[in-house]
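**Student:** Build me a model from this:
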Amino acid sequence: MRYCAGGRFGWDGASNLDELNALLSGIMIRRKKKEVMKQLPKKFRRRVFLNVDESSARELAALRDRIAEAHARAEVDAIDNVRL
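**Tutor:** As a prediction, the model looks like this:
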């Protein structure tokens, strides 16, 4: 927690940045995406299908339904917040 001022479970904040920078300066390289884009391999997407047992399939279906409901609520909230 020496370099994290965000608290025990928080991620916002930092402390002792000068010390941290000195420790990392010899080993850490900062590069921007546009600087290395030509060196990166092309992106590809692949679907991976998994076999699941019946119990897991029911659990996944229930989770899918909960996600769909959350999306529907978010869309309604967004529409309610639109000012004409």
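**Student:** Report the separation between Asn51 and Ala57.
**Tutor:** 10 Å (CB to CB, to the nearest Å). Every C-beta, even on glycine, is put in place using the N, C-alpha and C of the backbone.
**Student:** With neighbour numbers in mind, choose between the two.
**Tutor:** Legend: neighbour count by other CB atoms under 10 Å for Asn51 and Ala57, higher for Ala57 (11 against 6).
**Student:** Same question for that one, what's its three-state structure.
**Tutor:** For Ala57, the secondary structure call by DSSP: H, G, I helix; E, B strand; the rest coil comes out as helix.
**Student:** Retrieve the pLDDT associated with it.
**Tutor:** For Ala57, the model assigns a pLDDT of 94.
**Student:** next one: Ile79
**Tutor:** Looking at Ile79 specifically, the model assigns a pLDDT of 64.
**Student:** now do Leu40
**Tutor:** pLDDT recorded at Leu40 is 90.
**Student:** And Ala14, by the same measure?
**Tutor:** Reading off the per-residue confidence, Ala14 sits at a pLDDT of 81.
**Student:** can you tell me which residues contact it?
**Tutor:** Neighbour list for Ala14: Tyr3, Cys4, Ala5, Gly6, Leu20 [criterion: CB atoms under 8 Å, 6 or more residues apart in numbering].
**Student:** again, 6 Å this time
**Tutor:** With contacts defined as CB atoms under 6 Å, 6 or more residues apart in numbering, the neighbours of Ala14 are Ala5.
**Student:** So it versus Leu23, what's the distance?
**Tutor:** Between Ala14 and Leu23 the computed distance is 13 Å (CB to CB).
**Student:** Could you do Leu50 as well?
**Tutor:** Relative to Leu23, and taking CB to CB, Leu50 is found at 42 Å.
**Student:** Compare the two (neighbour count), which wins?
**Tutor:** The residue with more neighbours, out of Leu50 and Leu23 and counting by other CB under 10 Å, is Leu23; that gives 12 against 6.
**Student:** mean confidence score for stretch 61-73?
**Tutor:** Along stretch 61-73, the predicted confidence averages to a pLDDT of 90.
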